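Q: below is the structure, and that's it, no one-letter string:
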């Protein structure tokens, strides 16, 4: 397994819509393992493929507590098919926007259809932190960041800060 470099704001790839995964094979499963390794190393509880420079509709999540056994979830081609009308507020952060956190209001529960790493169709009904994490990561697949839920003033401040930081660091990924 390989820890992949994270794509950071303001990299424009984070605003791209990801393409559906066409084939689930050993190479894709190895990529999912790399994503999990990268997420755990960061450390984080969710990671979308676009955050490591691959515009594929795939994400990984593990919301297990530190004192629990890891419970990794590989989610391929997810589709939110139901959202609760009840809302919930969680403080969110993002591996692509390091060290910035803000409260975001989202539906408290979601139902998501997806394909697992073995190619089987699955449905998950999630609430609490898992629901928030699924929505956050699925947003990434659509080019949406959690800062898009903030006021324009706050969002602009964050983007400005990360543009300035980007000028002072080498690129995180190779283009070619």
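A: On my side now, so go ahead. Remember, predicted model here, so these are calculated numbers, not experimental data.
Q: so the residue nearest the centre of the chain, which of the three states?
A: Closest to where the C-alpha atoms of the chain average out (C-alpha atoms, centre = their mean) is residue 137, at 3.1 Å. Classification of residue 137 using DSSP: H, G, I helix; E, B strand; the rest coil returns helix.
Q: okay, now the unreliable bits of the chain?
A: Applying pLDDT under 70 to the chain flags residues 169-176.
Q: so which residues of the chain form strands?
A: 46-48, 58-61, 73-83, 87-94, 97-107, 109-115, 121-127 (DSSP state E).
Q: hmm, residue 71 is touching residue 64, no?
A: Yes. Using C-beta atoms under 8 Å, residue 71 is in contact with residue 64, at 4.3 Å. For every residue, glycine as well, the C-beta is placed using N, CA and C.
Q: now the residue nearest to the centre of the chain, nearest residue through space, not along the chain?
A: Closest residue in space to residue 137, ignoring its immediate chain neighbours: residue 59 at 4.1 Å, by C-beta to C-beta, 6 or more residues apart in numbering.
Q: touching, the one you found and residue 47? I think so.
A: Yes. Look at residue 59 against residue 47 with C-beta under 8 Å: they come within range, at 6.5 Å.
Q: joint contacts of these two?
A: Taking C-beta atoms under 8 Å, 6 or more residues apart in numbering as the contact rule, residue 59 and residue 47 both touch 35, 137.
Q: what about the residue nearest to residue 137, neighbour count?
A: The tally of other residues near residue 59 (other C-beta atoms under 10 Å) stands at 28.
Q: so in terms of bridging, what pairs with it?
A: Beta-bridge pairing of residue 59, defined through DSSP bridges, involves residue 48, residue 75.
Q: pull the contacting residues for it.
A: Contacts for residue 59 (C-beta under 8 Å, 6+ apart) come out as 35, 46, 47, 48, 49, 74, 75, 78, 137, 138, 140, 141.
Q: can you check residue 12 too?
A: By C-beta under 8 Å, 6+ apart, residue 12 has no neighbours at all.
Q: what's the answer for residue 29, then?
A: Residue 29 makes contact with residue 117 under the criterion C-beta under 8 Å, 6+ apart.
Q: likewise residue 92?
A: 101, 102, 103, 104, 132, 136, 146.
Q: now, which of those residues sits nearest residue 89?
A: Top of the list for closeness to residue 89, among the contacts of residue 92 and by C-beta to C-beta, is residue 103 at 5.2 Å.
Q: how many neighbours does the closest one have?
A: Around residue 103 there are 11 residues (other C-beta under 10 Å).
Q: that one bridge partners, please.
A: Beta-bridge partners of residue 103, as defined by DSSP bridges: residue 91.
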